[in-house]
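Engineer: The following block contains a protein sequence and its predicted model.
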Amino acid sequence: MSWIRTIQPKAAIVLVVLGLCHVAVCQQVSAALLHPSMIGATSFEPAPVVQATPSTLPETPVQHRFWDRENSLLFATSAAFSAADFVVTRDNLRSGGQELNPITSWFSSSTAGLAVNFAGETAGVVGLSYFFHKTGHHKLERAVSMLNIGASAGAVSFDLAHR
């Protein structure tokens, strides 16, 4: 019966969120957005015809190549910190320590598994950056590498401080 008590608040939150989503979908058009001649119009009167003027979109900035200098440096730095994280984690595990990352702990039973984990992490960073590059999210493209560098640097610092 204890699981019911933990689920009830979560279910209430979900129901409130879903209820608010329904209200947002049912909103009517504001009278402020209507043309003044349309406010008094009945449903039987035709709407006035408005001539639309074409507008030109602003020119998009020149896209950079995916393997430009900045991305190459970010990927190399990310790979270097992942390699350092691998070495420090492996040494920590050999000396009786434990892996705190729950995903990495699945692979920490062998050196080969740990190497596969960190190589996959680096490949995932490059792949996600490429996805963001192709979809035009160039700031996110670089942020993925920076976030991974920060996380790996933090892990290496933590492991070295707790030897």
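Structural biologist: Ah, there it is.
Engineer: helices or strands up against the helix or strand hosting residue 149?
Structural biologist: For residue 149, the enclosing helix or strand under DSSP states H and E is helix 138-161. With contacts defined as 3 or more CB pairs under 8 Å, 6 or more residues apart in numbering; DSSP states H and E, helix 138-161 has these neighbours: helix 69-94, helix 111-134. In short, each C-beta sits where N, CA and C put it, glycine included.
Engineer: Toward the C-terminus from the longest one, list the very next helix or strand.
Structural biologist: Note on helix 69-94: by DSSP H and E, the next helix or strand toward the C-terminus is helix 102-107.
Engineer: so for that following helix, what's the average pLDDT?
Structural biologist: Average pLDDT, helix 102-107: 89.
Engineer: buried stuff in that helix?
Structural biologist: Residues of helix 102-107 classed as buried: 104, 107 (neighbour count, 16 or more other CB atoms under 10 Å).
Engineer: Tell me how many other residues surround the spatially closest residue to residue 75 that is not a sequence neighbour.
Structural biologist: Distances taken as CB to CB, 6 or more residues apart in numbering place residue 126 nearest to residue 75, at 5.8 Å, with adjacent residues excluded. The burial count assigned to residue 126 is 19, neighbours taken as other CB atoms under 10 Å.
Engineer: One more: residue 135?
Structural biologist: Using other CB under 10 Å, residue 135 is surrounded by 10 other residues.
Engineer: Read off the pLDDT value for it.
Structural biologist: Predicted confidence (pLDDT) for residue 135: 93.
Engineer: Dihedrals phi and psi, it?
Structural biologist: Dihedral angles of residue 135 (phi, psi; degrees, to the nearest 10) stand at phi -90, psi 0.
Engineer: re the thing from before, now the residue nearest to residue 75: how far from residue 105?
Structural biologist: Going from residue 126 to residue 105 by CB to CB, to the nearest Å gives 24 Å.
Engineer: ok so, going back, and the residue nearest to residue 75, how far from residue 101?
Structural biologist: Using CB to CB, residue 126 is found at 20 Å from residue 101.
Engineer: quick one on the thing from earlier: redo the helices and strands packed on helix 138-161 as CSV? Include distance to residue 146.
Structural biologist: Listed next are the helices and strands packed on helix 138-161 as CSV, based on distance: least, CB to CB, whole Å:
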stretch, distance to residue 146
helix 69-94, 7
helix 111-134, 10
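Engineer: between those, which one is nearest to residue 154?
Structural biologist: With distances scored as CB to CB, the stretch of these nearest to residue 154 is helix 69-94 (9.4 Å).
Engineer: Packing partners of that closest one?
Structural biologist: Helix 69-94 sits against helix 111-134, helix 138-161, with contacts defined as 3+ CB pairs under 8 Å, 6+ apart.
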